[in-house]
Every structure is written in C-alpha cells, then in structure tokens.
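> pasting the sequence and the predicted coordinates here, then a few questions.
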Amino acid sequence: MFFRRAQIGDSSILSNIAYKSKAYWGYTEDFIQKCKDTDALTVTKEYIEKNSVYLVESDNEIVAFYSFDINEKKLDALFIEPDYIGKGLGKIIWEHLLNKAKELELNEFTIDSDPNAEGFYLKMGAENIGSTPSTVFPDRSLPLMKVKVN
C-alpha cells in the first residue's frame with residue numbers, strides 16, 4: 001500500500017470510489033443519485049486544491065482515500081473500494097490519517113459519520129457526541145463523532 005497526496009487529476013477516480021463505497025452499504029440508486037446531484041460525494045478539483053486529500057494505491061491502482069477540511073477541523077471523507085472493505089485497509093488508513101492530523105496540528109476533529117461507518121469509528125477510538133443533519137436529506141440525521149488526536 002502506498003499513500004500520496006491527491007492531485008487534481010484524481011478527482012473523478014476519487015468520486016467514483018465514493019459512489020461505489022456508499023452503494024456497497026445497500027443504499028438505493030435514487031439515494032446515490034441524490035448524492036451525486038448535490039455533489040455530496042463528488043471530489044472536485046477545487047476541493048482537492050483547498051483541502052488535505054490523501055489516497056491509497058495498491059498495484060498502481062487507487063483503492064481508497066480520505067480528506068480533512070482543516071478550517072472545520074473535520075474528517076470529510078474516508079472511502080474504500082468495495083473489494084477492499086473488511087480486509088483491514090480501514091485500520092491502516094486510520095493510522096495514517098491520525099499521523100497526518102498530528103502533522104496538520106489538529107488536536108481533535110469531528111466526523112459526520114454515515115450510520116454504517118459509526119461502528120468502525122467507535123472501534124478506532126472516536127466518540128459519539130450527538131447527531132448532525134444530513135446535507136443531502138434534511139430529515140435524516142447522521143452520527144456526529146469526535147476524535148482526540150494524541
């Protein structure tokens with residue numbers, strides 16, 4: 001596994017990973033389309049330029065990524081290609097992103113978690129501190145998590 005900072009040319013690949021990773025959890029095509037329509041899962045070139053976006057390559061193929069919104073002190077995304085879900089890659093990414101958070105001088109950060117990812121974040125040491133409204137579906141709330149960086 002090889003980590004590197006995302007480049008603007010990676011935007012469409014990262015967006016596709018986000019769509020496929022979200023769909024893996026059984027969301028309907030309508031749900032995924034609504035996410036695409038609102039750019040909720042789209043990784044734009046501008047987003048890559050403004051934020052800390054890191055990807056994981058395996059055999060020269062991008063298989064996962066994560067991103068921090070430094071201004072909001074928030075983990076914005078952590079998506080893994082479905083073929084790699086459940087094989088330990090999430091834990092490897094988590095260790096990398098905690099080290100990156102230290103480099104970025106983040107003492108703590110929040111996560112607007114997908115309900116299906118909440119268990120993973122809890123296992124990694126995050127704390128559930130409440131809920132936050134979905135930016136795509138106003139009547140849907142998401143677990144709000146907080147991570148303290150040691």
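Arrived safely, thanks for sending.

> surely residue 17 is in a helix?
Yes: judged by DSSP: H, G, I helix; E, B strand; the rest coil, residue 17 forms part of a helix.

> then residue 119 would be within a helix, right?
Yes: under three-state DSSP, residue 119 falls within a helix.

> export only the CA atoms of the helix or strand bottoming out on mean pLDDT in the chain, formatted as PDB.
Within the chain, no helix or strand scores below helix 29-37, which has a mean of 89 by mean pLDDT, DSSP states H and E. The C-alpha coordinates for helix 29-37 follow below in PDB (Å, rounded to 0.1, in the frame of the first residue of the first chain):
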ATOM      1  CA  GLU A  29     -29.800   4.100  -6.800                       C
ATOM      2  CA  ASP A  30     -32.100   7.000  -6.100                       C
ATOM      3  CA  PHE A  31     -30.200   7.800  -2.900                       C
ATOM      4  CA  ILE A  32     -26.800   7.700  -4.700                       C
ATOM      5  CA  GLN A  33     -28.100   9.800  -7.500                       C
ATOM      6  CA  LYS A  34     -29.300  12.400  -5.000                       C
ATOM      7  CA  CYS A  35     -25.800  12.400  -3.500                       C
ATOM      8  CA  LYS A  36     -24.400  12.900  -7.000                       C
ATOM      9  CA  ASP A  37     -26.900  15.700  -7.800                       C
END
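
> distance between that helix and the chain's centre?
Computed by CA atoms, centre = their mean, to the nearest Å, the separation of helix 29-37 from the middle of its chain amounts to 17 Å.

> any idea whether residue 83 is helix, strand or coil?
Secondary structure, three-state DSSP: residue 83 is helix.

> for it, give me its contacts.
When contacts are counted by CB atoms under 8 Å, 6 or more residues apart in numbering, residue 83 touches residue 63. C-beta coordinates here come from the backbone N, C-alpha and C atoms, glycine included.

> if we can go back for a sec, which elements pack onto the least confident helix or strand of the chain?
Judged by 3 or more CB pairs under 8 Å, 6 or more residues apart in numbering; DSSP states H and E, helix 29-37 is in contact with helix 11-24.

> thinking again about what came up before, who are the neighbours of the helix or strand just after the least confident helix or strand of the chain, in terms of helices and strands?
Once helix 29-37 ends, the next helix or strand along the chain (criterion: DSSP states H and E) is helix 45-50. Judged by 3+ CB pairs under 8 Å, 6+ apart, the packing partners of helix 45-50 are helix 11-24.
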